[in-house]
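Asks: Give me a 3D structure for the following:
(one chain, ligands or ions: 1)
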Amino acid sequence: MLVGWAGNNGSTVTAMILANRKGLKWQSKEGLETSNYFGSLIMSSTVGIGNDSEGNEVYVPFSSIVPMAHPNEIVIGGWDINRVDLASAMDEAKVLDYDLKVQLYDEMKNMVPLPSVYSPTFIAENQRDRANNLIYGTKQEQIDQIRKDIASFKSKNNLDRVIVLWTATTERWSQRTFETEEELLDAIRENNEEVAPSTMFAIGSLLEGCPFINGSPQNTLIPGLVRMAERLDGFIGGDDFKSGQTKLKAVLTDFLIGSGIKPLAITSYNHLGNNDGRNLSAPLQFKSKEISKASLVDDLVKSNPLLYKKIDDKPDHTIVIKYVPAVGDSKRAMDEYYSEILMGGRNVISIHNTCEDSLLAGI
Ligand SMILES: NC(=O)c1ccc[n+]([C@@H]2O[C@H](COP(=O)([O-])OP(=O)(O)OC[C@H]3O[C@@H](n4cnc5c(N)ncnc54)[C@H](O)[C@@H]3O)[C@@H](O)[C@H]2O)c1
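Replies: Numbering: from 1, shown residues only. Just a heads-up that it's a prediction; the model follows:
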């Protein structure tokens, strides 16, 4: 179940699974396209398992190594504060080719998200108009409704397991971390405004025995929630999808620092024009993204005290995100890696990446 089902990611992933399940083909300006799962580690990568009797290397699909559900079998549902059917959401997203969308309209027209929890201070003011499909009541009543929604989705679709994924709008950082489970539960009883909607979905999921994954950068997984997950032996995880620029940064920074090259400055600039970009144009929501993107480099720096000798020695790390409506979902990411090499030399790597935002995250 997706929280934020009617967003760009939610509508794209739904269309992708339906198209694959039906084996759809469609015409694009490149010619006939066929549904696939390119970009999926599980569905489209292979693992080397050794050599055959003639010494040739043998690779098998990742998905054949351990038993796992095929994505075509996944039933998708979820919540959104915006009441819009998934066909219209797919249209608004402007991600998929027209000929593919036409084949999916009838089925996606019947898919409508469940009402959701909305706390106006957590997302940007520019998202307010979307909030027309809401669960009302106290925080406790809202969590109870989330639990009911999960239980009824599971029984109605006769499912083995429900996984809840937050792919909703990036929230601001919650000011309170609620260190223990008791503090968190007290805060819910008191209707404390600092309990974020994403944390409430995580609580509802844990209490229903469902894994909860956070695809956005805010501090959903606060200590009190982690304590609750430990007590219930539940699974919670995730800190932003990190599907494009940050994924590349993780690989490249790991490569540089792992090779004994010392990045002195990592300067990252993005512009994008979808609704995610619109929300991130507000300072508090941008701050959540900035913290999450920066933490990745901090962790890698800690891994090499030969290069970064002092505790506060780390690269200058600058992150800029600009909202440019005209480019829509086609996000531009420009990064410069300025590093120190042998005998005081300098090395500069510049990257320009145009990444179809929701096709990266959708996988
Ligand atoms: N490549 C990527 O697209 C990418 C990468 C990393 C992280 N993310 C994160 O994933 C999230 C979704 O991205 P998107 O492009 O689909 O954004 P989007 O704005 O298109 O969709 C977000 C959806 O969440 C809904 N929503 C907001 N608050 C809600 C709530 N409390 N409950 C239920 N629904 C709610 C909105 O109405 C909207 O439909 C964002 O937080 C984004 O930062 C995206």
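
Asks: quick one: residue 87 and residue 103 touch, right?
Replies: No - assessed by CB atoms under 8 Å, residue 87 is found out of contact with residue 103, at 11.1 Å. Backbone N, C-alpha and C define where each C-beta goes, glycine included.

Asks: Those two: which has the busier surroundings?
Replies: Per other CB atoms under 10 Å, whichever of residue 87 and residue 103 has more neighbours is residue 87, with 20 against 15.

Asks: Report the contact partners of the more buried one.
Replies: 101, 104-106, 108-109, 111 (CB atoms under 8 Å, 6 or more residues apart in numbering).

Asks: Next: residue 140.
Replies: If a contact means CB under 8 Å, 6+ apart, then residue 140 has 188-189 as its contacts.

Asks: so it, which of the three states?
Replies: Judged by DSSP: H, G, I helix; E, B strand; the rest coil, the three-state class of residue 140 is helix.

Asks: Over to residue 60?
Replies: With three-state DSSP as the criterion, residue 60 reads strand.

Asks: What about it, how many residues nearby?
Replies: Neighbours of residue 60 under the rule other CB under 10 Å: 11.

Asks: residues touching it, list them.
Replies: Contacts of residue 60 were listed using CB under 8 Å, 6+ apart, and they are 46-47, 49.

Asks: What residue in the stretch 1-150 of the chain comes nearest to the ligand?
Replies: residue 7 (1.9 Å; CB to the nearest ligand atom).

Asks: From residue 22, how far off is that residue?
Replies: 23 Å (CB to CB, to the nearest Å).

Asks: neighbour count winner among these two?
Replies: Neighbour count, other CB under 10 Å: between residue 7 and residue 22, residue 7 has more, with 27 against 13.

Asks: The more buried one is in contact with residue 89, isn't it?
Replies: Yes - assessed by CB under 8 Å, residue 7 is found in contact with residue 89 at 7.2 Å.

Asks: on that earlier part again, quick check: of the contacts of residue 87, which has the highest neighbour count?
Replies: Greatest neighbour count in these, by other CB under 10 Å, goes to residue 104: 22 neighbours.

Asks: that's a helix at that residue, yeah?
Replies: Yes - the assignment for residue 104, made by three-state DSSP, places it in a helix.

Asks: give the contact list for residue 72.
Replies: Contacts for residue 72 were tallied using CB under 8 Å, 6+ apart; they are 17, 20-21.

Asks: now swap in residue 360 and tell me
Replies: Neighbour list for residue 360: 39, 243-244 [criterion: CB under 8 Å, 6+ apart].

Asks: Kindly state the pLDDT recorded for it?
Replies: Note for residue 360: predicted pLDDT of 85.
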